[in-house]
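[1] Let me see the structure of the following:
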Amino acid sequence: MASHFQVGRTRILKKLNRLYGGSLAIPKPSDSFVNLSSVVLSDAQGILFPRLREASQQLRDNEHIIIRKANKSNTIVILDFFLDKRNNLLGDLSKFKPLSGNPTVKLKSKVNSLIHAANAVIGDLEFNSITGDFAPSYFYGNVKSHKESNPLRPIISQISIITYSLAKRLNQIPTPYIPTTHSLKSTDEFVDILKCNKHTGILASLNAESLFSHVPLIRIIDIILNFTYCNPVLKDMLLACTSGAPFKCPLDNLYIQTDGVAMGSPLGVLFAQAIMVHVEEEVISNLPIKPTLYRSYIDYIFGCVNDLCLLEKDRSNLQEVSGLKISVELNNNNKLPFLDVLVDTSSNDFITSVYHKPTITGKCMNGESECMVENKRGVIKAYVRRAFKAEEVARLNGCEGGRRLQEANNSNRLGLPCHWIKLMACQVYVCFTVYAT
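    Numbers count the residues shown, from 1 in each chain. Prediction:
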């Protein structure tokens, strides 16, 4: 018991010393308590010394700026133009409609009526009635710091909305019926496909720009119902979960999104994938000369074609049928990034390696932090596994994988123990070697 108490005292003392940047002595039990407010913090000590505390207070009280995390990055950005960019997005009356009042109560009644109608008509499905109090969704935007003019990625968090649980249930129904002929489920599947194919033709990637915002809502709902079960009640339920869901902007103004699908909605990925699958099937089936390799991951497309004219024709057809803007990126020196993989076609084979996007700073969990040991080891395992999966095992043995991660560990001062890195690299190497054989 005494040893357990001593261990607890030692851990507390360690945390206090790290927090206040100095050496603190735990008082005797007769002193009753430790008055942490009596500790004087200098400019070289502590986390929030007075100067930083004052600066943080000024930033918080400034109504003209917003502090947010950048999109696809752990970088923090200070926005003095957020309201302008937000107004530009919400000012598009073809996609957003301002509201004068909160329609949550009426929406709840409507959704419950649809649920009762669906349960009566569709015998093999059952939807639970919605009970309780709810609030509108919340609109915010992440800055695309890696793109010109730093546009916002609009996101509507729908966790608090009345239709959230219904949208999650509706998402489960058609998902198994969406064709996956050309679709990728993960990076692992993409790498496995490349290993089974030879490189021929021109390597390129296509991207459907701002897919979520430009998904034609009525059209895609009809497409999804054609894939699964055409029923007017299901259509009304899907519309209630999308165009009927109200949300608030930072100034507490209420809106609904009349077209497109919100990033943050449980139905977002389903709608985006369904429109791309439908367009791809129509376009590719009518091509006189098919691409030698064609795979897509939601709004990103990877392909090999025989010539640039065929590539431009594919892009034009995809853009015409979908109504979306499709951009093209050609390979540079026989290298092309796709997802988090860098594909090299210098030889007849596809050679893959890990690709780091410009937004990735390389920082992760610090090995000297108070996080659990299992989480720290999980970080190492994720890095090592990613290296072995993206690269050929024959070109990357256990020692090499450990060396690369150790270099990253040293350069970023992550404080991860060297023996952890070597052990995890060897374990993952053995697993991939066995899998390869």
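[2] what pLDDT, on average, does stretch 290-302 get?
    In this model, stretch 290-302 has an average pLDDT of 90.
[3] Begin at 57 from now on, thanks
    Done: numbering now begins at 57, and the last item shifts to stretch 346-358.
[4] Quick one: end-to-end distance for it.
    Distances were taken as CA to CA, to the nearest Å; on that basis the terminal residues of stretch 346-358 are 13 Å apart.
[5] What are the contacting residues of that stretch?
    238-240, 246, 249, 253, 256-257, 261-265, 267, 325, 328-329, 332, 336, 340, 359-362, 366, 370, 374, 392, 394-395, 399 (CB atoms under 8 Å, 6 or more residues apart in numbering). Quick note: C-beta positions are derived from backbone N, CA and C, even for glycine.
[6] Return the list of helices and strands in contact with the helix or strand hosting R442.
    In this structure, R442 sits in helix 429-446 according to DSSP states H and E. Taking 3 or more CB pairs under 8 Å, 6 or more residues apart in numbering; DSSP states H and E as contact, the helices and strands that helix 429-446 lies on are helix 243-251, strand 407-410, helix 454-468, helix 474-492.
[7] rerun at 10 Å
    Under the contact criterion of 3 or more CB pairs under 10 Å, 6 or more residues apart in numbering; DSSP states H and E, the helices and strands touching helix 429-446 comprise helix 243-251, strand 397-400, strand 407-410, helix 454-468, helix 474-492.
[8] In the stretch 307-456 of the chain, what residue spans correspond to helices?
    When secondary structure is read from DSSP state H, counting those that start in this stretch, the stretch 307-456 of the chain shows helices at 324-341, 364-378, 429-446, 454-468.
[9] these two touch, right, V333 and I279?
    Yes: counting by CB atoms under 10 Å, I279 is a contact partner of V333 at 8.6 Å.
[10] what's the overlap in contacts for the two?
    Contact criterion CB atoms under 10 Å, 6 or more residues apart in numbering; residues shared by V333 and I279: I234.
[11] Buried residues in stretch 169-177, which are they?
    The neighbour-count check on stretch 169-177 (16 or more other CB atoms under 10 Å) flags 170-171, 173-174 as buried.
[12] got the contact list for it?
    181-186, 222, 225-226, 287-297.
[13] returning to that earlier point: farthest-separated two in the buried residues of stretch 169-177?
    In those, the most distant members under the criterion CB to CB are I171 and A173, with 7.3 Å between them.
[14] relative to helix 243-251, how tilted is the helix holding R442?
    Interaxial angle, helix 429-446 versus helix 243-251 (axes from the mean of the first three to the mean of the last three CA atoms, to 10 degrees): 20 degrees.
[15] Dump helix 429-446 to PDB, keeping only the CA atoms.
    This file holds the C-alpha atoms of helix 429-446, laid out as PDB (Å, rounded to 0.1, in the frame of the first residue of the first chain):
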ATOM      1  CA  VAL A 429       2.300   3.400 -23.900                       C
ATOM      2  CA  GLU A 430      -0.100   1.500 -26.200                       C
ATOM      3  CA  ASN A 431      -0.900   4.600 -28.100                       C
ATOM      4  CA  LYS A 432       2.800   5.500 -28.600                       C
ATOM      5  CA  ARG A 433       3.500   2.000 -29.900                       C
ATOM      6  CA  GLY A 434       0.500   2.300 -32.200                       C
ATOM      7  CA  VAL A 435       2.000   5.400 -33.800                       C
ATOM      8  CA  ILE A 436       5.300   3.500 -34.500                       C
ATOM      9  CA  LYS A 437       3.300   0.500 -35.900                       C
ATOM     10  CA  ALA A 438       1.200   2.800 -38.200                       C
ATOM     11  CA  TYR A 439       4.300   4.500 -39.600                       C
ATOM     12  CA  VAL A 440       6.200   1.200 -40.200                       C
ATOM     13  CA  ARG A 441       3.200  -0.600 -41.600                       C
ATOM     14  CA  ARG A 442       2.500   2.200 -44.000                       C
ATOM     15  CA  ALA A 443       6.100   2.100 -45.300                       C
ATOM     16  CA  PHE A 444       6.100  -1.700 -45.800                       C
ATOM     17  CA  LYS A 445       2.600  -1.600 -47.500                       C
ATOM     18  CA  ALA A 446       3.400   1.300 -49.900                       C
END
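[16] so where's this structure shaky on pLDDT?
    Counting by pLDDT under 70, the chain shows low-confidence ranges at 57-105, 120, 128-131, 134-138, 178-181, 416-426, 443-493.
[17] what's the nearest residue to E385 if we skip its chain neighbours?
    Closest residue to E385 in three dimensions, ignoring its sequence neighbours and counting by CB to CB, 6 or more residues apart in numbering: S261, at 4.9 Å.
[18] Quick one: residues contacting that neighbour.
    352, 356-359, 383-387, 392-395, 399.
[19] Show me these that map onto strands.
    Among those, the ones falling in strands (DSSP state E) are 352, 356-359, 383-386, 392-394, 399.
[20] From the residues you listed, keep the buried residues only.
    352, 356-359, 392-394, 399.
[21] Format these as CSV; extra columns: distance to N118.
    What follows is these, written out as CSV (distance: CB to CB, whole Å):
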residue, distance to N118
S352, 43
Y356, 38
I357, 43
F358, 44
G359, 48
L392, 43
P393, 38
F394, 41
V399, 45
